[in-house]
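>>> With the sequence up front, the predicted model follows.
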Amino acid sequence: MATPLRPKAELTPVVETKAGEALDLTHRMRRNRKAEWTRKLVRENVLTTGDLIWPIFIIEGTNKREPISSMPLVERLSVDEAVRAAGEAVELGIPAIALFPHTDPAMRDPRGSEALNPQNLVCRACAAIKKEIPDLGLITDIALDPYTSHGHDGVMRGEDILNDETVEILVQQALNQARAGSDIIAPSDMMDGRVGAIRAGLDAEGFEMVQIMAYAAKYASAFYGPFRDAIGTSATLIGDKRTYQMDPANSDEALREVAADIEEGADMVMVKPGLPYLDIIRRVKDNFSIPTFAYQVSGEYAMIMAAALNGWIDGDRAMMESLIAFKRAGADGVLTYFAPRVARKLRERR
């Protein structure tokens, strides 16, 4: 005769505390944490080198590496050194790099004319890298701030940024970079309608397969300071960018921005900055299911590095923890200045 099943309540292991309270220990969450092998088995998110995009700053000259004081261990690279860095990216398994120029102040003007020069820094770097390493992804920034004398992302009339006139220039800038070999055009300017105009311009010139990664939710953030040092706009920026970059207080607006960029033809979207806006990444991914990227910006990098160099935190652990946070929030990849360092750490763990 079969033994009758006992009620579940009778099977539940109960431990009585000193205070006389009963603890139900049917579910011991620590069982899945007891060893590294089981932690790996139940891990919900995994960071790989395939998640990394390495932003690189470029400067004029040859065989030149120039440290950036506000970004420890990050340097501006001449084109030949950028080619070497691109080779390092391939060796480390990093699928793409993003290029940002430090333009000579003498070459900047109110309209950002140097952005349209087919021999500007970005175009020469694209051509040189593609010649040596054709299979590495190249992402190029579309905005006028590295080229304008006033440091803004568009042309100005008085204190106003002119949206439509700027978009016309951005389309030509995108074509200039596509001709040089850019694989992904990344508009970071936050002008209305620029994604659709760039998509139409690229398609009309036969660049249908050049992708667009839209800086769709880019906030007017205090975390961009070291980046502006790196590209040389800290001293030139007149006023601020709050009339075109997003208000940090807004979340629903980010979804409208993303929806507009997708409708206009964006292949992937970005949220910038990263860690202060994990909630935006999550909402974007949940609402649109489109490839979604985060930019761990210069200020985020600088804070972690400053704390690490002062011995206040474990720099490597903080670096890795910050990046897995992006994955947990829903990001498909991250632009981060930590990219080569992270890739080496991941290789050590194999």
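It's in.
>>> okay, which residue is most central for this protein?
Centrality entry for the chain: nearest residue to the mean C-alpha point is residue 295, 2.3 Å, by Cα atoms, centre = their mean.
>>> The spatially closest residue to that residue that is not a sequence neighbour: what's it in contact with?
Spatial nearest neighbour of residue 295, excluding adjacent residues (Cβ to Cβ, 6 or more residues apart in numbering): residue 272 at 4.0 Å. No exception for glycine: its C-beta is placed from N, CA and C like everyone else's. Residues touching residue 272, when contacts are defined by Cβ atoms under 8 Å, 6 or more residues apart in numbering, comprise 188, 215, 217-219, 221, 294-295, 297.
>>> Swap in 7 Å and give it another go.
The contact partners of residue 272, by Cβ atoms under 7 Å, 6 or more residues apart in numbering, come to 215, 218-219, 295, 297.
>>> Please state the backbone phi and psi of it?
Backbone torsions for residue 272, taken as degrees, to the nearest 10, come to phi -150, psi 130.
>>> which other residues reach the helix or strand where residue 342 lies?
Here residue 342, judged by DSSP states H and E, is contained in helix 339-348. Outside helix 339-348, the residues that touch it by Cβ under 7 Å, 6+ apart are 48-49, 52-54, 88, 92-94, 316, 319-320, 323.
>>> could you dump those residues to a markdown table with secondary structure?
As requested, the contacts of helix 339-348 are arranged in a markdown table below (DSSP: H, G, I helix; E, B strand; the rest coil):
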| residue | secondary structure |
| --- | --- |
| 48 | coil |
| 49 | helix |
| 52 | strand |
| 53 | strand |
| 54 | strand |
| 88 | helix |
| 92 | helix |
| 93 | coil |
| 94 | coil |
| 316 | helix |
| 319 | helix |
| 320 | helix |
| 323 | helix |
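>>> which among the residues you listed end up buried?
Judged by neighbour count, with 16 or more other Cβ atoms under 10 Å as the criterion, the buried members of the contacts of helix 339-348 are 49, 52-54, 92, 94, 319-320, 323.
>>> Any stretches of this structure with poor pLDDT?
1-22 (pLDDT under 70).
>>> so where do the strands sit in it?
Here the chain has its strands, by DSSP state E, at 14-16, 22-24, 52-59, 65-67, 75-78, 96-101, 137-142, 156-157, 160-161, 184-187, 211-218, 268-272, 292-296, 333-336.
>>> tell me, how many neighbours does residue 211 end up with?
As a burial measure, residue 211 scores 18 neighbours (other Cβ atoms under 10 Å).
>>> Check the one 3 residues further on too.
The tally of other residues near residue 214 (other Cβ under 10 Å) stands at 30.
>>> For beta bridges, what are the partners of it?
Note on residue 214: beta-bridge partners residue 269, judged by DSSP bridges.
>>> Next up, the contacts around the nearest residue to residue 182 once chain neighbours are set aside.
The spatially closest residue to residue 182, leaving aside those adjacent along the chain, is residue 140, at 4.2 Å (Cβ to Cβ, 6+ apart). The neighbourhood of residue 140, defined by Cβ under 7 Å, 6+ apart, consists of 99, 122, 126, 177, 182, 185-186.
>>> cool, residue 67 as well?
Contacts of residue 67 were listed using Cβ under 7 Å, 6+ apart, and they are residue 75.
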